[in-house]
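Enquirer: below is the structure, and that's it, no one-letter string:
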C-alpha cells in the first residue's frame with residue numbers, strides 16, 4: 001500500500017484546520033492521541049442541528065423536538081452497530097472516556113465494593129483510569145492493586161495471573177497505551193478475569209479510531225471511549241456496558257431524563273440507557289459523533305490502520321538512520337504512536353523547537369505519571385498519527401529533528 005492511496009488531497013480538504021501555517025511554516029499536526037481534528041462533515045452536522053432543530057429532546061411533541069430526538073437516538077444506534085453491542089440500551093452517552101470511567105467507578109463501586117475487596121488496574125493506565133478507582137476505594141474501603149510493567153513497558157502477564165484473586169471485584173485496563181501505543185492482550189486478560197468471575201472495564205480511548213472494536217467478540221463488561229479522539233467533537237463519549245450489569249447498577253447523577261416517577265418520598269428511575277443520562281444531553285455533539293463514525297466508515301478502519309502503520313514504520317526507520325533517539329516501549333504491532341527521548345536534548349526543548357517549524361507533537365508525562373516512574377523517566381516526546389497525516393509531514397518532522405540535534409550537539 002502506498003502512502004497516498006488513502007490520503008488524496010480530497011481527504012485533506014475535509015480538514016480546513018490543516019491548511020494553516022504557524023511561524024510561517026505549514027502546520028504538521030502529530031498530536032492525534034490527544035485529540036483529532038474534525039472534518040467539515042462533523043462541523044456541518046452540528047451546525048445543522050443548531051440552525052434547524054435546536055430543541056430539547058425526549059420531551060417535546062413538536063416537530064423540531066421529535067426530529068432532534070430521532071437524530072440523537074439514531075446516533076446511539078450507530079454507536080451500537082459500530083462496536084457491535086447487542087442492544088441499543090447498552091450505549092450510554094457521557095462527556096468522554098473520563099466521565100464513563102467515573103460513572104462505573106461510582107455506580108459499580110457503590111454496589112459491589114467494600115472493605116477487603118480489590119480493584120485491579122495496570123501500571124500503564126492514563127490518570128483517568130487510576131484516579132476514579134482510587135476515589136472508589138477511598139469511599140468503600142476497597143484497595144487498589146496494580147499489574148506491574150516489564151522493562152520494555154509491556155505488562156507483566158505472570159504478575160497479572162497471580163493478582164487474579166477471589167478478592168478482585170473488577171479489572172480495569174487500557175486497550176492501547178496512550179504513551180507507547182502498546183496494544184494490550186485484552187482478549188486473554190478478559191477471559192482470564194472471567195475465569196475468576198471478575199468483570200472487566202476496557203479504556204478504549206486510544207483504540208476505536210485505529211482498529212475494529214467488537215465488544216461482543218471481546219466479551220468485556222464495560223468499554224469506554226471519547227468522540228474527540230475519533231474525528232468527532234469534544235464533550236461526547238460512550239460507555240458501553242452489558243445490559244444485565246447496567247440494569248442492576250444505581251444511577252450516578254440525579255435530575256431530568258433519568259427519572260420515571262418523582263415524589264418527595266421516593267423516586268423511581270427510568271429504564272436504560274436513560275437511567276444514566278441525567279439532564280439535557282449533548283445533542284449536537286452526539287449528532288457530530290454520528291457524522292464522525294460515518295466519516296471513519298467511509299474510509300474504512302482497515303485502510304486507516306494500514307496507512308498509520310506505514311507512517312509509523314517509515315518514521316521509526318528514518319529516525320534510526322539519524323541516530324541518537326531512545327524509543328520508549330516500541331514493539332511490533334503497536335498502535336499509531338511513537339514515544340521517544342533525544343540524547344542530550346530535553347523533551348520540552350525539543351517540542352519548542354519543533355513548534356518553530358510548525359510541527360505539533362506532545363511532550364510531557366501524557367497523564368501517565370506512574371508509567372513514567374516505572375520506566376525511570378519524567379516524560380517523552382510523542383508523535384501520534386491520524387488518517388490525514390502524510391509521508392511529506394514525516395519528512396518535515398525528520399528535517400526538524402535533524403536541525404534540532406545540530407543546534408544542540
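Expert: Sure, I can see it. All values derive from a computational prediction rather than experimental measurement.

Enquirer: any idea how far residue 26 is from residue 37?
Expert: For residue 37, the distance to residue 26 (Cβ to Cβ, to the nearest Å) stands at 14 Å. From N, CA and C alone the C-beta is placed, and that goes for glycine too.

Enquirer: who has more neighbours out of the two?
Expert: Each of residue 37 and residue 26 has its neighbours counted (other Cβ atoms under 10 Å); residue 37 has more, 19 against 15.

Enquirer: what's the domain layout of the protein?
Expert: In the domain annotation for the chain, the residue ranges read 9-30+300-408, 43-297 (automatic domain parsing).

Enquirer: in JSON lines, list these along with mean pLDDT.
Expert: As requested, the domains of the chain are exported to JSON lines (pLDDT from 0 to 100):
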{"stretch": "domain 9-30+300-408", "mean pLDDT": "96"}
{"stretch": "domain 43-297", "mean pLDDT": "97"}
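
Enquirer: now, of the ones you listed, which is deepest in the fold?
Expert: domain 43-297 (a mean of 19; mean count of other Cβ atoms under 10 Å).

Enquirer: end to end on it, go ahead and measure it.
Expert: Length of domain 43-297, first residue to last, Cα to Cα, to the nearest Å: 17 Å.

Enquirer: distance from the chain centre to that domain, please.
Expert: 10 Å (Cα atoms, centre = their mean, to the nearest Å).

Enquirer: check stretch 298-318 too.
Expert: 18 Å.

Enquirer: wouldn't residue 293 be in contact with residue 76 here?
Expert: No - counting by Cβ atoms under 8 Å, residue 293 stays clear of residue 76, with 11.2 Å between them.

Enquirer: thought residue 59 was touching residue 66?
Expert: No - if you go by Cβ under 8 Å, residue 59 and residue 66 don't touch, sitting 10.4 Å apart.

Enquirer: name the nearest residue to the most centrally placed residue in the chain, ignoring sequence neighbours.
Expert: The chain has residue 205 as the residue nearest its centroid, 1.2 Å off, counting by Cα atoms, centre = their mean. The shortest distance from residue 205 to any non-neighbouring residue, by Cβ to Cβ, 6 or more residues apart in numbering, is to residue 97 (4.2 Å).

Enquirer: so the one you found makes contact with residue 206?
Expert: No - Residue 97 is beyond contact range of residue 206, at 9.3 Å (criterion: Cβ under 8 Å).

Enquirer: tell me which residues are up against the helix or strand hosting residue 162.
Expert: Using DSSP states H and E, residue 162 sits within helix 157-163. With Cβ atoms under 8 Å, 6 or more residues apart in numbering as the test, helix 157-163 has contacts from 120, 122, 145, 147, 148, 185, 188, 189, 192.

Enquirer: please repeat the previous calculation with a cut-off of 6 Å.
Expert: 120, 145, 147, 148 (Cβ atoms under 6 Å, 6 or more residues apart in numbering).

Enquirer: now render these as JSON lines, adding distance to residue 270.
Expert: What follows is these, written out as JSON lines (distance: Cβ to Cβ, whole Å):
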{"residue": "120", "distance to residue 270": "32"}
{"residue": "145", "distance to residue 270": "35"}
{"residue": "147", "distance to residue 270": "37"}
{"residue": "148", "distance to residue 270": "42"}
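
Enquirer: ok, the residues you listed vs residue 365, which is closest?
Expert: Nearest to residue 365 among the contacts of helix 157-163 is residue 148, at 18.2 Å by Cβ to Cβ.
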